[in-house]
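S.K.: here you go, sequence then predicted model.
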Amino acid sequence: MKALTELFSKLVDKIRGVEYIDEATLQEIAREIQRTLLKADVPLDLVKTFTDNAVKRIREEKPPAGIPPREYLIYVLYEELVKLMGGEQPAEFKPTKKPYIVLLLGVEGSGKTTTSAKLARYLMKRGYKVGMVETDTIRPAAFDQLKQLAEKIGAPFYGERDGKDAVEIARRGVTNLKGVDVLIIDTAGRHRNEEALLQEVKAIYDAVNPDEVVLVVDATVGKLAAAQAEAFMKYLPIHTVIITKMDSTARGGGALAAVAKTGARVKFIGVGEDVEELEPFNPRKFVARLLGMGDLDALLEKIKAVFEEEEVLEEIESGRLDLLTFKKQIDSLMKLGPLSKVFQLLPGGLAAKISEEQIELSQKNLKKWRAILSSMTMEELKNPDILNASRIRRIALGAGVTPKDVKEMLTVYENLKKMSKTLKRQMRLRMAR
């Protein structure tokens, strides 16, 4: 994702550096767009169609009042990229019956087995009980790999280390893993030849009658992703595509565009190796981040998810803003990960105003305040008014900080308390969107 973002950020910077857009400038920008898309490994026919559409819109459409032509060009680029990546509406992954059987396909090296655990983890965090079945009889390590991943995330597992018949293993897996909401069946990615692999997944499909077929594609293959999707689609329907390794290549744009061209829907992207690093794919949000526009919605959704889990919003809205609530807020914020990653989700203009030194200082303050609050008694957390000089000295000693640090934190808390009504209104408005 980073490499892809760098490509498009350079393009946006170049457009923003243009004073006015005449025909010669427009042609130069069109060539720059083509070069960027080709570097991202977008198929040549899609590059031409994309550029023609964008140039035609710039020539024919009049920017709204107050919007400079170069800014409108970026907006057009954004709109056309959204279309290229699959359209405005994100495709939902939602189990509709029990058990909901999911069949995972993909060629060797696509990260399919790890992705099956990522998908299971994603669903488990949303309250589903997920079972996992390994049917790969070709790759010796596949059984152990998925078994270990299943144990790591706490999902029931079925596989046969020395099994030879993938179809029968799949059947027995469905029979043995009773009581689950979702059953994910992993398949082989390697065989004697492509035909043998495709015949096997078709036989498993016929045997277990899955509710959803998921194709896993490695982003590094770029535009060749279309060929993989089309090969599998000749044998069985593809309902969902997950593109892995989006964090490590600039060719991810090509993979996304190529898959969208086949009519298959990308529902998730893998953005790292950890089982938590699977994101629902939303073309609009993806393109906004790609162009350096940030993703305030993603940030707000993350905050909402953590705050709801901790029931902090309920406490703020009821007016119970004491130091215990403040402590929960800090805990929730720290769960979002390093602040440097959180700030990356802000629009480019806002993020640029926050220096690395400020981010580092904020991160240090959160850790310091967490230590201070952990040194307080429950009585002090619930009733900050009782904090006097001797209590502050004791708290500072327990937290390994100075009394001045404790007083500075209390000032921040008091300011937050005064602002709570405004914050409450803003948060409700944003989260209702």
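M.R.: Now that the structure is in, tell me what you want to look at. Residues are numbered from 1 along each chain as shown.
S.K.: what's around residue 236, how many residues?
M.R.: Residue neighbour count, defined by other C-beta atoms under 10 Å, stands at 18 for residue 236. All C-beta atoms are positioned from the backbone trio N, CA, C, and that covers glycine.
S.K.: how near is it to residue 199?
M.R.: 11 Å (C-beta to C-beta, to the nearest Å).
S.K.: cool, residue 275 as well?
M.R.: 31 Å.
S.K.: now do the contacts for residue 374.
M.R.: Residues counted as contacts of residue 374 (C-beta atoms under 8 Å, 6 or more residues apart in numbering) are 327, 399.
S.K.: separation between it and residue 321?
M.R.: 19 Å.
S.K.: okay, domains of the chain per the record?
M.R.: 2-84, 100-290, 296-431 (automatic domain parsing).
S.K.: and residue 275 and residue 199? Which one has more around it.
M.R.: Neighbour totals were compared for residue 275 and residue 199, and residue 275 leads with 18 against 12 (other C-beta under 10 Å).
S.K.: need the three-state assignment for the nearest residue to that one once chain neighbours are set aside.
M.R.: Nearest-residue entry for residue 275: residue 121, 4.7 Å, with adjacent residues in sequence omitted and distances by C-beta to C-beta, 6 or more residues apart in numbering. Assigned by DSSP: H, G, I helix; E, B strand; the rest coil, the conformation of residue 121 is helix.
S.K.: buried set for the helix or strand that contains residue 7?
M.R.: Using DSSP states H and E, the secondary-structure element containing residue 7 is helix 2-16. Residues of helix 2-16 classed as buried under the neighbour-count rule (16 or more other C-beta atoms under 10 Å) are 3-5, 7-8, 11-12, 15.
S.K.: now the two most distant members of those residues.
M.R.: Put simply, by C-beta to C-beta the two of those set farthest apart are 3 and 15, 19.8 Å from each other.
S.K.: right, and the domains of the chain - which one's nearest residue 91?
M.R.: Of all the domains of the chain, it is domain 100-290 that lies closest to residue 91, at 3.8 Å by C-beta to C-beta.
S.K.: now that closest one: how far from the chain's centre is it?
M.R.: How far domain 100-290 lies from its chain's middle: 17 Å, per C-alpha atoms, centre = their mean, to the nearest Å.
S.K.: mean confidence for that domain?
M.R.: Averaging pLDDT along domain 100-290 gives 90.
S.K.: end-to-end on that domain?
M.R.: End-to-end distance for domain 100-290: 34 Å, by C-alpha to C-alpha, to the nearest Å.
S.K.: now stretch 10-28
M.R.: End-to-end distance of stretch 10-28: 14 Å, with C-alpha to C-alpha as the criterion.
S.K.: ditto for stretch 86-103
M.R.: With C-alpha to C-alpha applied, stretch 86-103 spans 22 Å between its terminal residues.
S.K.: and the contacts of that stretch?
M.R.: Applying C-beta under 8 Å, 6+ apart, the external contacts of stretch 86-103 come out as 82, 119, 123, 128, 131, 174, 177, 180-185, 187, 201, 204-205, 208-214, 240, 256, 259-260, 265-268, 280-284.
S.K.: quick one, which of the residues you listed are buried?
M.R.: Neighbour counting by 16+ other C-beta under 10 Å classes 82, 119, 123, 131, 174, 177, 180-185, 187, 201, 204-205, 208, 210-214, 240, 256, 259-260, 265-268, 280-284 among these as buried.
S.K.: so of those residues, which ones are in strands?
M.R.: In strands, defined here by DSSP state E, the members of the buried ones among the contacts of stretch 86-103 are 131, 182-185, 212-214, 240, 266-268, 280.
S.K.: farthest pair in those?
M.R.: Pairwise distances across these peak at 24.9 Å for 131 and 266 (criterion: C-beta to C-beta).
S.K.: residue closest to the middle of the chain?
M.R.: With distances taken as C-alpha atoms, centre = their mean, residue 279 lies nearest the centre of the chain, 2.7 Å away.
S.K.: that residue pairs with what?
M.R.: For residue 279, the beta-bridge partners are residue 269 (DSSP bridges).
S.K.: from residue 117, how far off is it?
M.R.: Here the distance between residue 279 and residue 117 works out to 15 Å (C-beta to C-beta).
S.K.: for residue 393, same thing?
M.R.: Applying C-beta to C-beta to residue 393 and residue 117 gives a distance of 50 Å.
S.K.: residue 37 too?
M.R.: In this structure, residue 37 and residue 117 are 33 Å apart, going by C-beta to C-beta.
S.K.: swap in residue 139?
M.R.: Taken as C-beta to C-beta, the spacing of residue 139 relative to residue 117 amounts to 16 Å.
S.K.: please apply the same query to residue 367.
M.R.: When distance is defined by C-beta to C-beta, residue 367 is 31 Å away from residue 117.
S.K.: and the residue of the chain most remote from its centre, which helix or strand is it part of?
M.R.: Distance from the centre of the chain peaks at residue 390, with 47.3 Å (C-alpha atoms, centre = their mean). Residue 390 is located in helix 389-399, with elements delineated by DSSP H and E.
S.K.: so which elements touch that helix?
M.R.: The elements that helix 389-399 packs onto, with contact taken as 3 or more C-beta pairs under 8 Å, 6 or more residues apart in numbering; DSSP states H and E, are helix 356-374, helix 403-431.
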